[in-house]
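K.L.:
here is my input; please provide its structure:
(one chain, ligands or ions: 1)
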Amino acid sequence: MSERTPAEFHPETVAAAYGVASDTAFGAVAPPLYLSSTYEFAGFDAPRAYDYGRVGNPTRDLVAEAIARLEGGAGAVMTPSGMAALDLLIGRLPAGSLVLAPHDCYGGTMRLLKARAELGQIRLALVDQSDTEVFEGQLRDHPALVLIETPSNPLLRVVDIAALSTLAKNAGARVVVDNTFLSPALQQPLSLGADYVLHSTTKFLNGHSDVIAGAVIAADPEEAKKLKHWANVTGAIAAPFDCWLTLRGLRTLFARMAGQERNAMAVAERLRGHPAVARVHYPGLADHPDHALACRQQRGFGAMMSFELAGGVPAVRRFVAAVRAFTLAESLGGVESLVAHPATMTHADMGPQARANAGIGDGLLRLSVGLEHIDDLLAGLEAGLQAIDG
Ligand SMILES: *Cc1c(COP(=O)(O)O)cnc(C)c1O
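P.N.:
Prediction:
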């Protein structure tokens with residue numbers, strides 16, 4: 001398979017064509033979907049490449065290899081969700097290990113880490129990773145694993161992966177970066193010094209809002225093998241059909257990211273000039289506090305943004321009732337545009353105090369910008385914004 005996509009091939013080619021025309025049975029161009037849970041032995045004591053579906057599956061391995069190539073890793077494991085991907089890493093830590101995570105990490109990540117900490121399985125420290133002094137202070141407690149999430153959700157804050165990775169690794173920690181918001185098309189954490197990349201492939205990698213799945217990619221070949229072994233031990237494996245759909249979604253990753261980012265930039269610029277909008281959080285805007293870092297670290301600014309309505313909750317209520325072209329829903333990264341209200345949806349569990357500390361106001365709305373015609377998106381937002389005064 002991989003000789004059809006040689007090492008010098010560009011990432012766009014890997015995404016579009018990894019594993020194409022590799023079917024030895026019938027010469028199928030699109031890689032077939034293997035649902036079988038078990039595989040015939042060639043004879044006594046003669047297993048073939050695959051024996052049992054938890055250990056390995058051709059469809060799962062194909063998408064894992066493609067994602068590993070895109071991230072520049074040695075190997076990847078496909079898991080049933082992004083949360084299962086994180087838990088795969090956490091599950092391999094010795095009991096009582098310290099995990100250092102951002103104070104504003106993804107809500108499900110926070111819930112999982114806190115639950116594991118409450119059971120005494122790990123120790124957890126939450127830190128504002130944009131404050132290097134505080135971060136360095138925490139490293140003195142020798143964390144086993146440092147989780148980085150950039151850009152952050154929902155405020156799109158960007159932290160320096162290379163700088164934090166160097167500090168963390170000098171302190172003896174392993175570094176995992178949640179790359180869900182940008183995908184390897186726009187950011188490659190392993191090339192910046194991270195040991196692992198984590199994905200909710202539910203989002204941009206699949207890109208069509210019809211699969212829940214995740215992935216862990218390891219820079220080191222031995223680590224990749226250990227993770228694959230651990231996925232077999234714990235049974236944290238993605239289903240073949242989900243893997244097949246994800247590979248199909250991956251084909252258009254670069255085209256989707258480029259088109260969605262172009263739309264996002266136009267949306268951000270329009271929102272910024274609007275009187276009903278107090279603030280726009282998009283790293284692609286030159287006045288975003290982390291714009292320079294995003295330019296250095298990322299290949300693009302992505303399709304996620306948030307903005308604050310000056311009129312607070314009453315304005316939000318009118319906006320979401322009148323907005324068109326954007327669907328009111330959680331999740332992100334699909335070809336269709338979504339709008340979410342973090343305070344009552346994605347970040348409701350945090351509670352008002354923690355939200356206030358993290359800077360998530362009641363007037364904040366998050367957008368995942370899709371591939372629709374930009375005029376429809378702008379007109380749809382305008383309909384929502386006009387309703388605020390009405
Ligand atoms: C959605 C998401 C996750 C969790 O992934 P699931 O596939 O929903 O389990 C983790 N991290 C980030 C940044 C996400 O957006």
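
K.L.:
below-threshold pLDDT in the stretch 51-200 of the chain: ranges please.
P.N.:
Filtered on pLDDT under 70, the stretch 51-200 of the chain yields no residues whatsoever.

K.L.:
for it, which residues are neighbours of the ligand?
P.N.:
81-83, 106, 108-109, 153, 178, 180-181, 200 (CB under 6 Å from any ligand atom). Placement of C-beta: from N, CA and C, glycine included.

K.L.:
and those, which are buried?
P.N.:
If you count burial by 16 or more other CB atoms under 10 Å, the buried members of these come out as 81-83, 106, 109, 153, 178, 180-181, 200.

K.L.:
quick one: whatever residue of the stretch 201-350 of the chain ends up closest to the ligand from G334, how far?
P.N.:
With CB to the nearest ligand atom as the measure, T202 is the residue of the stretch 201-350 of the chain nearest to the ligand, at 3.7 Å. From T202 over to G334 the distance is 9 Å, taken as CB to CB, to the nearest Å.

K.L.:
okay, now P47: neighbour count?
P.N.:
Using other CB atoms under 10 Å, the number of residues around P47 comes to 13.

K.L.:
quick one: contacts for it?
P.N.:
By CB atoms under 8 Å, 6 or more residues apart in numbering, P47 lies in contact with 39, 41.

K.L.:
centre of the chain to the host helix or strand of L89, how far?
P.N.:
For L89, the host element (DSSP states H and E) is helix 82-91. Its chain's C-alpha centre and that of helix 82-91 lie 13 Å apart, by CA atoms, centre = their mean, to the nearest Å.

K.L.:
tell me what the next helix-or-strand element following that helix is packed against?
P.N.:
As assigned by DSSP H and E, the chain's next helix or strand after helix 82-91 is strand 97-102. Contacts defined by 3 or more CB pairs under 8 Å, 6 or more residues apart in numbering; DSSP states H and E place strand 97-102 against helix 107-118, strand 122-127, helix 132-139, strand 145-149.

K.L.:
for the stretch 151-300 of the chain, what spans make up the strands?
P.N.:
Remark: strands assigned in the stretch 151-300 of the chain by DSSP state E, counting those that start in this stretch are 174-178, 196-200, 214-218, 277-281.

K.L.:
closest residue of the chain to the ligand?
P.N.:
In the chain, the residue that lies nearest the ligand is G82 (2.2 Å; CB to the nearest ligand atom).

K.L.:
nearest spatial neighbour of that residue, chain-adjacent residues omitted?
P.N.:
Of all residues not flanking G82 in the chain, S200 sits nearest, at 2.8 Å (CB to CB, 6 or more residues apart in numbering).

K.L.:
from what I see, the one you found and P80 are in contact.
P.N.:
No - between S200 and P80 there is no contact, the gap being 11.2 Å when judged by CB atoms under 8 Å.

K.L.:
residues shared between the contacts of these two?
P.N.:
Listed contacts common to S200 and P80 are 213-214; contacts here mean CB under 8 Å, 6+ apart.

K.L.:
which residues of the stretch 201-350 of the chain lie near the ligand?
P.N.:
Going by CB under 6 Å from any ligand atom, the residues of the stretch 201-350 of the chain near the ligand are 202-203, 212, 214.

K.L.:
mind giving me the ChimeraX select for those, buried ones only?
P.N.:
A single ChimeraX command selects the buried members of those (16+ other CB under 10 Å):
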select :202,203,212,214
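
K.L.:
distance to P94 and pLDDT added to the residues of the stretch 201-350 of the chain next to the ligand, as JSON lines?
P.N.:
JSON lines is the format used below for those (distance: CB to CB, whole Å; pLDDT from 0 to 100):
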{"residue": "T202", "distance to P94": "29", "pLDDT": "98"}
{"residue": "K203", "distance to P94": "31", "pLDDT": "98"}
{"residue": "I212", "distance to P94": "29", "pLDDT": "98"}
{"residue": "G214", "distance to P94": "23", "pLDDT": "98"}
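
K.L.:
go through the residues of the stretch 201-350 of the chain next to the ligand and name the one nearest L371.
P.N.:
Among those, K203 lies closest to L371 (CB to CB), at 14.4 Å.

K.L.:
show me what contacts that closest one?
P.N.:
Taking CB under 8 Å, 6+ apart, one finds 82, 180-181, 183, 331-334 in contact with K203.

K.L.:
how many residues are close by the residue lying closest to S191 once chain neighbours are set aside?
P.N.:
Spatial nearest neighbour of S191, chain neighbours left out: G72 (5.6 Å); criterion: CB to CB, 6+ apart. If you count neighbours by other CB under 10 Å, G72 ends up with 15.

K.L.:
ok, now L364?
P.N.:
L364, neighbours per other CB under 10 Å, totals 24.

K.L.:
how close does it sit to A68?
P.N.:
Taking CB to CB, one finds L364 at 35 Å from A68.

K.L.:
who wins for proximity to P352 among the helices and strands packed on strand 97-102?
P.N.:
Using CB to CB, the helices and strands packed on strand 97-102 put helix 107-118 closest to P352, at 14.5 Å.

K.L.:
now find how far off-centre the closest one is within its chain.
P.N.:
On CA atoms, centre = their mean, the centre of helix 107-118 falls 17 Å from that of its chain.
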